[in-house]
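Asker: Return a 3D structure for these sequence lines:
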Amino acid sequence: MKTPDRPEYEDQVAVFEWAAGMEYKWPCLKLLFGSLMGVKLPPKLLNKYQKAGMKKGKPDINLPVPMGGYCGLWIELKRKGGDKPKGKQEETLKNLAIVGNSAHACWGSANAIKVIKQYLEGKIVKEKTAPFNPTASLF
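Answerer: Okay, here's the model as predicted:
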């Protein structure tokens, strides 16, 4: 019998535990932060957080450090074997890339850690593109 893959939350915790242990090598990992967008909230609390700016579709992990021509790294974390981003998640990843971020969907903590390492090692490099026009529509 196949065991179910661990929940996305546990993968996210594993990424942050790894990052805390790697701050000696990459001090900028102190800036790594996550969202709890995947956590199920009671409607009243969800409404309160949305009024304060929490939006559906925002990626789970962000490293606001410029590298390789990007202004930051965003990761939408999915549980290993899970579905691909769709709807708001897919749209947000696309728009983050349009405005100059390195935006990825990662399945499981090992995949997310690999992408963070590649980003910090300068292995993810942006192609030369025209500057983003902040008054242009993203949609």
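Asker: Check which helices and strands the longest helix along the chain sits against.
Answerer: Ranked by residue count, the top helix of the chain under DSSP state H comes out as helix 8-22. Counting contacts by 3 or more CB pairs under 8 Å, 6 or more residues apart in numbering; DSSP states H and E, helix 8-22 packs against strand 33-34, strand 73-78, helix 109-120. Where you see a C-beta, it was placed from the backbone N, CA and C, and this is true even at glycine.
Asker: and the gap between the most centrally placed residue in the chain and Asp60?
Answerer: Centroid check for the chain by CA atoms, centre = their mean gives Ile75 as the closest residue, at 2.0 Å. Counting by CB to CB, to the nearest Å, the separation of Ile75 from Asp60 is 6 Å.
Asker: Check what pLDDT Asp5 gets.
Answerer: You'll see Asp5 listed with a pLDDT of 66.
Asker: Kindly apply the preceding question to Met22 instead.
Answerer: For Met22, the predicted pLDDT is 98.
Asker: Same question for Met1.
Answerer: On the pLDDT scale, Met1 gets 41.
Asker: show me the contacts for Val115.
Answerer: Shown in contact with Val115 (CB atoms under 8 Å, 6 or more residues apart in numbering): Leu73, Ile75, His104, Cys106, Ile124.
Asker: Turn those residues into CSV, columns for pLDDT and distance to Gln50.
Answerer: Shown next, in CSV, are the contacts of Val115 (pLDDT from 0 to 100; distance: CB to CB, whole Å):
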residue, pLDDT, distance to Gln50
Leu73, 98, 25
Ile75, 98, 22
His104, 97, 25
Cys106, 97, 25
Ile124, 94, 32
